[in-house]
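> sequence first, then the predicted structure, then my questions.
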Amino acid sequence: MTISLSTHAQTIKVLTTGAFKPIVAAIVSNYENRTGVKVEVWNDTAGALIKRIDAGELFDVVVLTPAALKKLTDDGRIASNRVEILAKVAIGVAVRKGSLLPNIDTPESFKATVMSAKKVAYIDPLSGGSSGIYLDGLFKQMGIDETVRKKAVLVKGGLVALKLESGEADLAIHQISEIMPVSGAQLVGPLPEAIQNYTVYAGGVSATSKALASADAFLTELSGPDAARILGEKGMLAVR
């Protein structure tokens, strides 16, 4: 896919949730080489990105959940004709590389694995990360929230599985695309389907972008054939 743009050292700013950052990062280099447009990538939790945008932070492209983008579109900050559904990702479980892989095949075995872990790392729900918010509710539903809270290693943002490398946790639960980049972590697998929670991601272009053509082209790249190939490599799934 070739995109030709007439630019003069133009730069676009892309805000993305952490889970989608590996896909954005994989696209950037080829895009920059083909177009001459520089791409600045900033990542944070979904909740934190919304707060930053609400506070007036300028951007050209943003990757968030469809619900969050709808709100921004309704507010006039994202152009309604510049929104694309991009991918979805499952929550997975990881252990330190070289450790025995626990059984997480069923909700009951997953619960037992969590209960037997010494320290469980996941995103702090208060930070606005979608996986942390979901897990907080799941642990309450399972009746183990108080036990998990006592041994929780809550991460404000970033790669939860790094806590396995550092020895701060022996179990990490996070979106699969954020487990795979951590070399010292071993993905056990996704949560059982009965308790799985997929997060869908969509991209949008700022209605006030000063580089609309470049921003549109980058969003097109994120939903194009190159991105589709990269999704599987990075632990994400196409949305059908």
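Looks like it came in fine. Numbers count the residues shown, from 1 in each chain.
> tell me where this structure has strands.
Assigned by DSSP state E, the strands in the chain fall at 11-17, 38-44, 61-64, 78-89, 91-96, 120-123, 152-155, 171-175, 185-190, 199-206.
> point out the most buried one among the ones you listed.
Among the strands of the chain, ranked by average contacts under mean count of other Cβ atoms under 10 Å, first place goes to strand 171-175 (a mean of 29). In this view, the C-beta of every residue, glycine as well, is placed from N, C-alpha and C.
> what lines up beside it in the sheet?
Counting by DSSP bridges, the strands paired with strand 171-175 are strand 91-96 (antiparallel), strand 120-123 (parallel).
> chain center to that strand: distance?
13 Å (Cα atoms, centre = their mean, to the nearest Å).
> tilt between it and strand 199-206?
Comparing the axes of strand 171-175 and strand 199-206 via axes from the mean of the first three to the mean of the last three Cα atoms, to 10 degrees yields an angle of 50 degrees.
> tabulate the CA atom coordinates of strand 171-175 in PDB.
Backbone C-alpha positions of strand 171-175 (Å, rounded to 0.1, in the frame of the first residue of the first chain) are rendered in PDB as follows:
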ATOM      1  CA  LEU A 171       1.400 -14.000  38.200                       C
ATOM      2  CA  ALA A 172       0.400 -11.200  35.800                       C
ATOM      3  CA  ILE A 173      -3.000 -10.700  34.200                       C
ATOM      4  CA  HIS A 174      -3.100  -8.100  31.400                       C
ATOM      5  CA  GLN A 175      -4.100  -7.700  27.800                       C
END
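> what does that strand contact?
Contacts to strand 171-175, defined as Cβ atoms under 8 Å, 6 or more residues apart in numbering, come from residues 19, 89-95, 102, 113-114, 117, 119-123, 130-131, 135, 159-161, 163-164, 179, 185, 191, 199, 235.
> now do stretch 120-140
So stretch 120-140 is contacted by 17-19, 45-48, 50-51, 65, 91, 114, 145, 148, 151-157, 160-161, 163-164, 168-169, 171-175, 195, 197, 199 (Cβ under 8 Å, 6+ apart).
> related to what we said a few turns ago, let's have the strands paired with strand 171-175 in JSON lines, adding distance to Thr73.
JSON lines is the format used below for the strands paired with strand 171-175 (distance: least, Cβ to Cβ, whole Å):
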{"stretch": "strand 91-96", "distance to Thr73": "27"}
{"stretch": "strand 120-123", "distance to Thr73": "26"}
